[in-house]
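> Next one to model:
(one chain, ligands or ions: 1)
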Amino acid sequence: MGRMTPIVIKISGSFIQPDNPELIKSYAEAIIDVYSTGYRPIVIVGGGKVARNYITAGRNLGINEALLDLIGIQVTRLNARLLIHALEGRAMTTIPETVSDLLKAYEDPSERIIVMGGLQPGQSTNAVSAIAAEVSGSFLIINATKVDGVYDKDPKLYKDAKLFREISVEELKKILTDKSAMAGRYELFDPPSLTIISRSRIKVRVVNGANPENIVRAAKGESIGTLITP
Ligand code: UTP
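The predicted structure is shown next:
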């Protein structure tokens, strides 16, 4: 296998989308920073607002959930394409669309950065990040989200929501019961992602992605945001 240590970085689609190319540039710089310290980033990009707009329109037209998920996946790949370009040749230009594609990309001797979006219906890009961590043997997933980390309740709805510095997957599963699993509305950690991080004992650090520097800090081992432990 390669010389570099794999590290999975999941970026919410709210930060990698067409309405803010400057932020995509800043993300590319942060990812290159991580790459230059000897890690090989496997980056998973979400769908963001654009995916949700398409999914909402499709749902109004009566499109079924599986097809709506496929629409979401297509948007994640469009977002991934923008990030690949901003990485200026350091990233592989083919976006893995299946787990076998990902494995092939990972085994490529050039050890370039891998950027991808969704895989199949019924899950979120967080589940993709968990699969990518398993396939590459990555010990850590850095998850750049719209919030500061994992809270005991939704911080947008409750002012007294408490941020966890550390939480086990088991505790997290208890908090996340009864959450939505519809196209465009997957909760931060959908059941497939929890199952995988739990069975392969993968750690996840959830950080605020509004500042791309946070992924560099997380890669350096700084204890920002929330650490989800096996
Ligand atoms: P996400 O909902 O994972 O995007 O993927 P995101 O950017 O992380 O979410 P936000 O913006 O931060 O809230 C977008 C949509 O693509 C489909 C789902 O419909 C999902 O809601 N998708 C993604 C899949 O069906 N399968 C995948 O493997 C990934």
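
> and the worst-scoring helix or strand of the chain on mean pLDDT, what does it pack onto?
Between all helices and strands in the chain, the lowest mean by mean pLDDT, DSSP states H and E belongs to helix 169-175, at a mean of 90. Helices and strands touching helix 169-175, as assessed by 3 or more C-beta pairs under 8 Å, 6 or more residues apart in numbering; DSSP states H and E, comprise helix 191-199, strand 226-229. Placement of C-beta: from N, CA and C, glycine included.

> Go through the ones you listed and pick out the most buried.
Highest mean neighbour count of the helices and strands packed on helix 169-175: strand 226-229, a mean of 21 (counted as mean count of other C-beta atoms under 10 Å).

> Run through the residues of this protein sitting next to the ligand.
12-14, 46-48, 51, 69, 72-73, 76, 118-121, 123-125, 127-128, 183-184, 186 (C-beta under 6 Å from any ligand atom).

> quick one: residue 125 and residue 51 touch, right?
No: applying C-beta atoms under 8 Å, one finds residue 125 not in contact with residue 51, separated by 9.6 Å.

> Now do the shared contacts for the two.
Residues touching both residue 125 and residue 51 (C-beta atoms under 8 Å, 6 or more residues apart in numbering) are 13, 76.

> Just want to know which of those two has more residues nearby.
residue 125 (30 against 27; other C-beta atoms under 10 Å).

> The residue nearest to that one when sequence neighbours are not counted: what's it in contact with?
In space, and not counting its chain neighbours, residue 125 is closest to residue 46: 4.5 Å by C-beta to C-beta, 6 or more residues apart in numbering. The neighbours of residue 46, taking C-beta under 8 Å, 6+ apart as the test, are 10-14, 16, 76, 79, 117, 124-125.

> now, which of those residues sits nearest residue 108?
residue 117 (18.6 Å; C-beta to C-beta).

> Do me a favour and get the end-to-end distance for stretch 203-220?
Terminal residues of stretch 203-220 lie 14 Å apart, using C-alpha to C-alpha, to the nearest Å.

> Same check on stretch 55-65?
9 Å.

> residue boundaries of the helices in the chain?
For the chain, the helices defined by DSSP state H occupy 21-36, 48-60, 65-86, 99-107, 125-136, 169-175, 191-199, 213-219.

> what's the offset of the least confident helix or strand of the chain from the middle of its chain?
19 Å (C-alpha atoms, centre = their mean, to the nearest Å).

> Tell me which residues of that helix come out buried.
By neighbour count on 16 or more other C-beta atoms under 10 Å, the buried set for helix 169-175 is 169, 172.

> where does the protein dip in pLDDT?
1-2, 178-181 (pLDDT under 70).
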